[in-house]
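# Need a 3D model of the sequence below.
(2 chains)
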Amino acid sequence: MALVFKAFKRKKGNTSKAKSPDRGFLSFHNTSEVIKAESVIRKNGWRVRVMGPPPELRTGCDLVIEFPLVEQLNILRLLKANKIAPIEVVPVDDPLLKPVDLFRATDYGEHLMVRAANMKLTIEKETLRIVNISGGGCPDVPYLGARLVGKDLRQAPPPREIGHTLCGYALQLAYEEIKRQCSL
Amino acid sequence: MLALIGTIPDKDFPLVSGIGTLKGDFLFLDGHQITVNRGTPALIAAAVMACDTLGLSMPFSFLVGDEGLGDGSRKLYGHLKAQLTSLRAKVITFHYLQPDVDWHNQILLALEEKGKLPVLVADAGFMYAAKMSGFAATYDLFTPDIGEMAFLADEVAPHPFYTRGFILHEEENVPSLIKKAFEGKNAAKTLLIKGSKDYICTKEMILATVDTPNVETLEAIGGTGDTLTGMVAALTYGGYSVARAATMAARANRLAGKLANPTPATQVAEIIKEIPKALEAVLDDAAKAQEQTCPTTRYAHG
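Numbering: from 1, shown residues only, chains lettered A, B, ... in the order given. Coordinates of the predicted model:
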């Protein structure tokens, strides 16, 4: 019992940490888009809620949808398929945060690796074949590896089309950057 | 018992648990044949090989199919909440799971309610959730790569995808990232940072660095971080301190990589095959040289 109380107390005392660290906001042009998006997202099994936007989020109407941030890529794809385009997607606890825009390339001679955030994509330069995907922590990383390794970079599906999470999104950025570096 | 927990990229794969065996490039678990080319199966394969080399009982694994939708992970979280505490595991390693703070907290609370916590190791998605939860310091070991280390150092980033640029620019200055992560209470008690130079550190100091053998291509090979985490889990289970296990595993992982003579196109299964030989060599060296992990660097104050 003492341990239960200790754990509970520790959790209660943890107020200095972020309140919704794994949630994001979707903002829209108008309320009817919010209602439509909420309906589509809920129908597909996600837990979301509609609420007022934080002061930092100045764009859009006076409602936003709170959603599981890590599943951003999958939810955006779902909305696109339903012809709904959010204005902005931001983390709840810090709406001013932006996705990474810093890339690091490593030239191994016959191979080139590009890293975006925690995701690395490596190709064979002569054939443009994807030879490895490394890094990341969400469960679609091994899935993306299984789907993309061995494929020609020019024909491989973009990670945003088959990935589901923010790791998949980071891989998309690495994919776009390596294509840019290969002038594709 | 050493418990290993994660996912495999197959949405139809059911939730299974048990003691896995290795044959060639495949892991056999609860009647299922699983390729060990990446992710949690690579971690399990490395741990199985390390336990075998160390003469330990084989790890007990929990696996479920999840392609990134999180459905498999949530099913596994629910199962763990009910079952994990009854295992009385000595070491638990959490790996590729959909980061979910609420589920993370439920699992941690269930373990705490049971009494003394086992040694807790977190890598990949579960490490992200552990950081976001605010309970990072409850863990004994995190095993981030350099991109993930920047994420731990950024107290506001909810995922490595949102790590701020000014922190990413500090990637060449790993001690600074370490200091930030501990100051923000976003680090486990010990960190093993995987990179061109591996760092093993606590809040107080960098205990060791490992940069030999230097095999540059390992960074490109998917799964080499997973094998390292698998080995450190096994060594910790074998009775080595977390820091000592991390240092030995970092050496063994590099050596296994070197023995495989890899290119950036090499698949991790080729490296896993070399683990027994590499770990034997590290154990021999350790036996000869006794303790080699002496404090080397203290952080600057202020």
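
# For burial, what's the neighbour tally of the closest residue to residue B:50 other than its chain neighbours?
Excluding the flanking residues, the one nearest residue B:50 by C-beta to C-beta, 6 or more residues apart in numbering or on different chains is residue B:234, at 3.5 Å. In short, each C-beta sits where N, CA and C put it, glycine included. Neighbour count of residue B:234, defined by other C-beta atoms under 10 Å in any protein chain shown: 30.

# Tell me the helix or strand right after the helix or strand hosting residue B:234.
For residue B:234, the element it lies in under DSSP states H and E is helix B:224-237. Sequence-wise, the next helix or strand downstream of helix B:224-237 (DSSP H and E) is helix B:242-259.

# now the helix or strand where residue A:132 lies and helix B:224-237, what's the angle there?
Here residue A:132 sits within strand A:129-135, counting by DSSP H and E. If you take axes from the mean of the first three to the mean of the last three C-alpha atoms, to 10 degrees, strand A:129-135 sits at 40 degrees to helix B:224-237.

# Helix, strand or coil: sort out residue B:109 for me.
Judged by DSSP: H, G, I helix; E, B strand; the rest coil, the three-state class of residue B:109 is helix.

# Quick one: neighbours of residue A:47, just the number.
Around residue A:47 there are 11 other residues, counting by other C-beta under 10 Å.

# Residue B:254 now?
If you count neighbours by other C-beta under 10 Å, residue B:254 ends up with 22.

# any idea how far the helix holding residue B:234 is from the chain center?
Here helix B:224-237 is found 6 Å from its chain centre; the criterion is C-alpha atoms, centre = their mean, to the nearest Å.

# Average pLDDT for it, rounded please.
For helix B:224-237, the mean per-residue pLDDT is 98.

# Most proximal residue of chain A with respect to chain B?
residue A:140 (2.4 Å; C-beta to the nearest C-beta).

# those strands in chain B, which residues are they?
For chain B, applying DSSP state E gives strands covering B:2-8, B:16-19, B:21-23, B:26-29, B:32-35, B:60-65, B:91-94, B:119-122, B:141-142, B:190-193, B:198-202, B:205-210, B:297-298.

# now the spatially most central residue of chain A, nearest residue through space, not along the chain?
Chain A has residue A:166 as the residue nearest its centroid, 2.4 Å off, counting by C-alpha atoms, centre = their mean. The shortest distance from residue A:166 to any non-neighbouring residue, by C-beta to C-beta, 6+ apart, is to residue B:161 (4.1 Å).

# ok, now which ones touch residue B:251?
B:210, B:212, B:282, B:285 (C-beta atoms under 8 Å, 6 or more residues apart in numbering or on different chains).

# how's chain A carved up into domains?
For chain A, automatic domain parsing gives the domain ranges A:20-91, A:103-181.

# Residue A:56 falls within a helix, correct?
No. If the criterion is three-state DSSP, then residue A:56 is coil and not within a helix.

# show me what contacts residue B:197?
By C-beta under 8 Å, 6+ apart, the contact set of residue B:197 is B:174, B:209, B:210, B:211.

# thought the last one was touching residue B:196?
Yes. With contact taken as C-beta atoms under 8 Å, residue B:211 and residue B:196 are classed as touching, separated by 6.9 Å.

# quick revisit: report the angle between the helix holding residue B:234 and helix B:242-259.
Using the same axes, to 10 degrees: helix B:224-237 against helix B:242-259 is 140 degrees.

# Give me the packing partners of helix B:224-237, helices and strands only.
Judged by 3 or more C-beta pairs under 8 Å, 6 or more residues apart in numbering or on different chains; DSSP states H and E, helix B:224-237 is in contact with strand A:129-135, strand B:2-8, helix B:39-54, strand B:91-94, strand B:119-122, helix B:242-259, helix B:268-272, helix B:275-289.

# In chain A, what helix or strand scores lowest on average pLDDT?
Lowest mean confidence among the helices and strands of chain A (mean pLDDT, DSSP states H and E): helix A:2-12, at a mean of 43.

# and residue A:183, what pLDDT?
89.

# That one: neighbour count?
Counted with other C-beta under 10 Å, residue A:183 comes out at 5.

# repeat for residue B:21
11.

# so what's it closest to, chain neighbours aside?
Excluding the flanking residues, the one nearest residue B:21 by C-beta to C-beta, 6+ apart is residue B:28, at 5.0 Å.

# On the strand side of things, show who the one you found bridges to.
In this entry, residue B:28 is beta-bridged to residue B:21, residue B:33, by DSSP bridges.

# Is it in contact with residue B:16, as I believe?
No. Using C-beta under 8 Å, residue B:28 and residue B:16 do not qualify as a contacting pair, with a distance of 10.7 Å.

# The two - which one has more neighbours?
residue B:16 (17 against 14).

# who's in contact with the residue nearest to residue B:50?
B:2, B:46, B:47, B:50, B:51, B:54, B:56, B:59.

# which of the residues you listed has the most neighbours?
The most crowded member of those, judged by other C-beta under 10 Å, is residue B:46 (33 neighbours).

# Tell me the predicted confidence for residue B:168.
Reported pLDDT at residue B:168 in the predicted model: 89.

# show me the contacts for it.
Contacts for residue B:168 (C-beta under 8 Å, 6+ apart) come out as A:100, A:102, B:150.

# can you list those in a markdown table and add pLDDT?
What follows is the contacts of residue B:168, written out as a markdown table (pLDDT from 0 to 100):
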| residue | pLDDT |
| --- | --- |
| A:100 | 90 |
| A:102 | 88 |
| B:150 | 96 |
